[in-house]
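Visitor: sequence isn't available, so here's the structure alone:
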């Protein structure tokens, strides 16, 4: 008869609790994953609700795509069931740090998604998904051997369908967390994007001088 | 017997794939973006979807709605969609067999793009794509419309990029 030793049983229980209880905060579609000897570009950021009460969707994601292709990647926060690692815990919010290891090239940050399911006795289970009706376009040119930091995206919702992300620079806080999942990653550099074109969905502080790389208006 | 089954399987698998008359275009990677365009569509119901498909091509720096300021480039889109379903008794028969009888469905879209600047027409483009598919219980027509118009949007984006009518957005 097969007998488990006590440390082995503890080990299996720990594996069952951690391995099956969580899912990674980073999703990269198969054609965009670099091979073991291929060059890599890292895209790092954090996502989560600002307040668990004010932003109730338990599944939130930021969507990226390879320019002109059908393949993409996502930074995910899940707060119910198989959770993503809750790397950041605030007074009333939480966030996960995602590290997307991608093939170098041109990418676009173009959309987000809030996904939730509700149960009511009359209607049964209903699923809701909130996405941008008109997608935005924030181009990302990712070079091999570099690690880019996008920022922290914390969601806020007014009602069920009006949701937005608040952008902040949390490089100092997120870098050590990201390094735990990708130890060989080069030093992170902030990737400044002009979030004004994604205005209703991503709220960033107004650009103050040279601190943010803003597109200069050349029109009269 | 074996040959019959193979033929049947091939017929089932090949018959379920949709066919398009407009070939799929591959868009070049790593080129500079073209200037932003303002897109107006005569079909307000699908306007957002058409703009999103143009955004997906990755050719234009941005695709906005509305008129735009003087000097901006705009694209007027006129679309004519014809859906072709089999005769109504056949649809009824298919429904009576719980959609086990495949139905031949086709979407014929002709789309005209007019690239303009300050009301002056720069170039006209016209595309026609007929998507055809046998649809049955396990393979519905969902996504067919999307596939039909995505091809047109990609063909337009590639031709505009090739023609050089729209200037390149200077890199920041």
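Guide: Done, it's in. These figures come from a predicted structure and were not determined experimentally.
Visitor: which residue ranges form the helices in the chain?
Guide: If you meant another chain, say so; for now it's chain A. A:6-19, A:171-181 (DSSP state H).
Visitor: chain B was what I was after
Guide: B:2-16, B:47-56, B:88-96, B:144-163.
Visitor: buried set for the shortest one?
Guide: What that stands for is helix B:88-96. residue B:94 (16 or more other Cβ atoms under 10 Å in any protein chain shown). Heads up, the C-betas are built off the backbone N, CA and C, glycines and all.
Visitor: once you drop chain neighbours, what's closest to residue B:134?
Guide: The spatial neighbour of residue B:134 that comes closest, neighbours along the chain excluded (Cβ to Cβ, 6 or more residues apart in numbering or on different chains), is residue B:102 at 4.1 Å.
Visitor: so who does the one you found touch?
Guide: B:15, B:94, B:134-136 (Cβ atoms under 8 Å, 6 or more residues apart in numbering or on different chains).
Visitor: can you say which of the residues you listed are buried?
Guide: So, by 16+ other Cβ under 10 Å, the buried ones in the contacts of residue B:102 are B:94, B:134-136.
Visitor: may I have the phi/psi pair for whichever residue of chain B sits closest to chain A?
Guide: Nearest residue of chain B to chain A, counting by Cβ to the nearest Cβ: residue B:58, 3.4 Å away. For residue B:58, the backbone dihedrals (degrees, to the nearest 10) come out as phi 70, psi 20.
Visitor: which residues are in contact with it?
Guide: With Cβ under 8 Å, 6+ apart, residue B:58 has these contacts: A:67-69, A:106, A:108, B:27.
Visitor: the same query, at a cut-off of 10 Å, please.
Guide: Residues near residue B:58 by Cβ atoms under 10 Å, 6 or more residues apart in numbering or on different chains: A:65-69, A:106-108, A:110, A:137, A:139, B:27-29, B:31, B:33, B:154, B:157.
Visitor: ditto for residue B:33
Guide: A:67, A:106, A:137, A:139, B:58-62, B:161, B:168-171.
Visitor: equivalent analysis for residue B:63, please.
Guide: Here residue B:63 is in contact with A:134-137, B:36-39, B:50-57, B:75, B:153 (criterion: Cβ under 10 Å, 6+ apart).
Visitor: can you pull the pLDDT of it?
Guide: Per-residue confidence (pLDDT) for residue B:63: 93.
Visitor: now do residue A:36
Guide: Per the predicted model, pLDDT is 89 at residue A:36.
Visitor: tell me the centre residue of chain B?
Guide: Centroid check for chain B by Cα atoms, centre = their mean gives residue B:149 as the closest residue, at 1.2 Å.
Visitor: show me the shaky parts of chain B.
Guide: B:1, B:10-16, B:171-172 (pLDDT under 70).
Visitor: try it again with 80
Guide: B:1-2, B:4-17, B:27-30, B:139-140, B:142, B:170-172 (pLDDT under 80).
Visitor: ok, which pair from the contacts of residue B:102 is furthest apart?
Guide: Maximum pairwise distance in the contacts of residue B:102, criterion Cβ to Cβ, is 14.4 Å, between B:15 and B:94.
Visitor: my guess is residue A:78 contacts residue A:61. True?
Guide: Yes: using Cβ atoms under 10 Å, residue A:78 is in contact with residue A:61, at 8.9 Å.
Visitor: now for the two: what residues contact both?
Guide: A:25, A:84, A:115.
Visitor: now those in a markdown table, with pLDDT?
Guide: Listed next are these as a markdown table, based on pLDDT from 0 to 100:
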| residue | pLDDT |
| --- | --- |
| A:25 | 91 |
| A:84 | 91 |
| A:115 | 89 |
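Visitor: most neighbours among the residues you listed, which one?
Guide: residue A:25 (27 neighbours; other Cβ atoms under 10 Å in any protein chain shown).
Visitor: can you name the residues that contact that residue?
Guide: Per Cβ under 10 Å, 6+ apart, neighbours of residue A:25: A:45-48, A:61, A:74-78, A:83-87, A:95-100, A:181.
Visitor: now do the same contact list for the closest residue to residue B:117 other than its chain neighbours.
Guide: Nearest residue to residue B:117, sequence neighbours excluded (Cβ to Cβ, 6+ apart): residue B:73, at 5.4 Å. Contact partners of residue B:73, counting by Cβ under 10 Å, 6+ apart, are B:34-39, B:60, B:115-118, B:122, B:160, B:165-167.
Visitor: beta-bridge partners for residue B:73, please?
Guide: Note on residue B:73: beta-bridge partners by DSSP bridges are residue B:37, residue B:117.
Visitor: same deal with residue A:26?
Guide: residue A:75.
Visitor: give the contact list for it.
Guide: Counted by Cβ under 10 Å, 6+ apart, residue A:26 has contacts A:42-45, A:73-76, A:84, A:96-102, A:178, A:181-182.
Visitor: are any of those residues buried, and which?
Guide: A:42-45, A:73-76, A:84, A:96-102, A:178, A:181-182.
Visitor: please narrow these to those residing in strands.
Guide: A:42-45, A:73-76, A:96-102 (DSSP state E).
Visitor: tell me the angle the longest strand seen in chain A makes with helix B:47-56.
Guide: Longest strand in chain A, counting residues (DSSP E): strand A:105-120. Strand A:105-120 runs at 140 degrees relative to helix B:47-56, counting by axes from the mean of the first three to the mean of the last three Cα atoms, to 10 degrees.
Visitor: centre-most residue in chain A?
Guide: residue A:75 (2.5 Å).
Visitor: quick check: the gap between that one and chain B.
Guide: 20 Å (Cβ to the nearest Cβ, to the nearest Å).
Visitor: count of neighbours near residue A:28?
Guide: Residue A:28 has 21 nearby residues by other Cβ under 10 Å.
Visitor: contacting residues for the residue lying closest to residue B:59 once chain neighbours are set aside?
Guide: Spatial nearest neighbour of residue B:59, chain neighbours left out: residue B:157 (4.1 Å); criterion: Cβ to Cβ, 6+ apart. Going by Cβ under 10 Å, 6+ apart, residue B:157 touches A:68, B:25, B:27, B:34, B:53-60, B:113.
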